[in-house]
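>>> Take this sequence and fold it.
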Amino acid sequence: MEVGDWSGAIATVPTKGREALSTALLNDARAAAETNRWNRVELRLGQLQALGADTATADLRNRRDAFGREGQSFTNATGIRLLWCSAGTFMMGSPTNEPGRRTYENQHRVTLSRGFWLGQFEVTQAEWVAVMGSNPSTRKDSPLAPVENLSWLEAMEFCSRLTDQERARGAIPAGWEYSLPTEAQWEYACRAGTTTAYSFGDDAKDLHRFGNFNDLNGGFGSDSDQNQDDGWVYSAPVGQYLPNAWGFHDMHGNVWEWCRDSLDANSAAYAPGNAVDPWATSGDHRVFRGGGFINTAVNCRSANRYADRPSSRIVNLGLRLALVPFIRSEPEAGQPEGSRSKR
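Numbers count the residues shown, from 1 in each chain. So this is what the prediction gives:
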């Protein structure tokens, strides 16, 4: 119902009763915002505006527009817990003296102008099945292990279906969508304010405490680390290792995580100079981050990046869910590569 439609109904409310009605509507709107019932918030805001009491709703309108506060978290209907990442600036990529560094990790300053939500854990097999109805994982013996062996296309379909479900519930405000994080968002959350090779420091000897990688227990190939044992041969149930400073688990190892960005395999380096809200849409590959249980420590570094075709499936490649502002789209058919339209 539009604001104008409420005016007639509100006009029938006695003047003496309007203050009490405004208070009741405002209290209900604030309670709805605390539980992410944004359809109800929008309804109450329209009624309060019709009452002429919208001057008291600035906090609600700000929360609706920002949809996030420092230190806030929430769990959606599928059971996926997300943490809020405030807007900020960080150094993306790696310094030239970092062990294991690749040339296409050229370090540069990145600013994320808007905050976003990111899953505290990798998406589990049980959470994937709840949305998609089937499990693509090669090992289906643990519903709490991360889903894997899925393509980028399937990961984006998961995000799209979840967006539709949560919008129908009124659980996310207009202008937001579930998606894969951009690789800038992913690295920002992985680093959690650090500039070291890993979110816990520069020394890989501590990796077994923070992630599942190719160590003594796994022994995948001759490059396995024979001095560490993270306790798992294959993927571990999510949350088994220590979190980073912002509370995110398994950013290093367990399974790789698809990101939203495209990548041109022939020119993989970041564009030179500082960047604001970067999101690469040029190239026929898609980026994934974080390393997995088959990979060595250097592949689990915060700056490390790989890519493959969007249809590819890998035994230790999954996803971490993001809830992000609905800002811009992929290039439409017929548009030049790299052009972006407002959503």
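>>> use CA for all of it now, contacts and neighbours both
Noted.
>>> residues in contact with Y306?
V287, F288, R289 (C-alpha atoms under 8 Å, 6 or more residues apart in numbering).
>>> and with 6 Å instead?
Neighbouring residues of Y306 by C-alpha atoms under 6 Å, 6 or more residues apart in numbering: V287, F288.
>>> Please report how far N149 lies from S311.
11 Å (C-alpha to C-alpha, to the nearest Å).
>>> who's more crowded, these two?
A count of neighbours by other C-alpha atoms under 10 Å puts N149 above the other of N149 and S311, at 19 against 12.
>>> these two touch, right, that one and I314?
Yes: the pair N149 / I314 is scored as a contact, 4.8 Å apart, by C-alpha atoms under 6 Å.
>>> any idea which element A189 lies in?
For A189, the host element (DSSP states H and E) is helix 183-191.
>>> Just the C-alpha atoms of that helix, please, in CSV.
Written as CSV, here are the backbone C-alpha positions of helix 183-191 (Å, rounded to 0.1, in the frame of the first residue of the first chain):
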residue,chain,number,x,y,z
GLU,A,183,37.5,-11.0,-4.1
ALA,A,184,38.2,-7.6,-2.6
GLN,A,185,35.4,-8.2,0.0
TRP,A,186,36.7,-11.7,0.6
GLU,A,187,40.3,-10.6,1.2
TYR,A,188,39.2,-7.7,3.3
ALA,A,189,37.3,-10.1,5.6
CYS,A,190,40.1,-12.7,5.5
ARG,A,191,42.7,-10.2,6.6
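>>> number of nearby residues for G318?
Neighbours around G318, by other C-alpha under 10 Å: 29.
>>> Give the lowest-confidence helix or strand of the protein, using mean pLDDT as the measure.
Lowest on mean pLDDT, DSSP states H and E among the helices and strands of the chain sits helix 3-11, with a mean of 51.
>>> for the helix or strand just after it, packing partners?
Next helix or strand after helix 3-11 toward the C-terminus (DSSP H and E): helix 15-34. Secondary-structure packing of helix 15-34 (3 or more C-alpha pairs under 6 Å, 6 or more residues apart in numbering; DSSP states H and E): helix 38-51.
>>> Give the rounded mean pLDDT of the helix it packs on.
Helix 38-51 comes out with an average pLDDT of 85.
>>> Tell me what angle it forms with helix 15-34.
Helix 38-51 and helix 15-34 are oriented at 160 degrees to each other (axes from the mean of the first three to the mean of the last three C-alpha atoms, to 10 degrees).
>>> Now do the next helix or strand after the helix holding A189, average pLDDT.
Counting by DSSP H and E, the element after helix 183-191 in chain order, helix or strand, is helix 207-210. Mean pLDDT, helix 207-210: 96.
>>> and what of stretch 216-231?
Here the average pLDDT along stretch 216-231 is 88.
>>> Span of it from start to end?
End-to-end for stretch 216-231, by C-alpha to C-alpha: 9 Å.
>>> List the buried residues for that stretch?
L216, N217, G218, G219, F220, S224, D225, Q228, D229, D230, G231 (16 or more other C-alpha atoms under 10 Å).
>>> swap in stretch 107-116?
Q107, H108, V110, T111, L112, G115, F116.
>>> Residues contacting that stretch, please?
Stretch 107-116 has contacts (C-alpha under 6 Å, 6+ apart) with 84-94, 274-277, 324.
>>> CA atoms of that stretch as PDB?
Written as PDB, here are the backbone C-alpha positions of stretch 107-116 (Å, rounded to 0.1, in the frame of the first residue of the first chain):
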ATOM      1  CA  GLN A 107      49.700  -4.800  -3.900                       C
ATOM      2  CA  HIS A 108      47.400  -1.800  -4.000                       C
ATOM      3  CA  ARG A 109      45.100   0.200  -1.800                       C
ATOM      4  CA  VAL A 110      41.400  -0.700  -1.900                       C
ATOM      5  CA  THR A 111      38.400   1.100  -0.400                       C
ATOM      6  CA  LEU A 112      35.100  -0.600   0.100                       C
ATOM      7  CA  SER A 113      32.600   2.200   0.300                       C
ATOM      8  CA  ARG A 114      29.800   0.200   1.700                       C
ATOM      9  CA  GLY A 115      29.500  -2.500   4.400                       C
ATOM     10  CA  PHE A 116      28.400  -6.000   3.600                       C
END
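>>> how far does it sit from the chain's center?
Distance of stretch 107-116 from the chain centroid (C-alpha atoms, centre = their mean, to the nearest Å) equals 14 Å.
>>> ditto for stretch 110-127
With C-alpha atoms, centre = their mean, you get 2 Å for stretch 110-127.
>>> pLDDT of that stretch, averaged?
The pLDDT scores in stretch 110-127 average 96.
>>> what about it, start to end distance?
32 Å.
>>> domain ranges for this structure?
3-66, 73-325 (automatic domain parsing).
>>> Among the ones you listed, show the one with the smallest mean pLDDT.
For the domains of the chain, the weakest mean pLDDT is recorded on domain 3-66, namely a mean of 77.
>>> how far does that one sit from the chain's center?
31 Å.
>>> got it, and stretch 82-90?
With C-alpha atoms, centre = their mean, you get 10 Å for stretch 82-90.
>>> quick one: contacts of that stretch?
In contact with stretch 82-90 (C-alpha under 6 Å, 6+ apart) are residues 72-74, 109-120.
>>> farthest pair in the residues you listed?
F74 and R109 (29.6 Å; C-alpha to C-alpha).
>>> No further questions, thank you.
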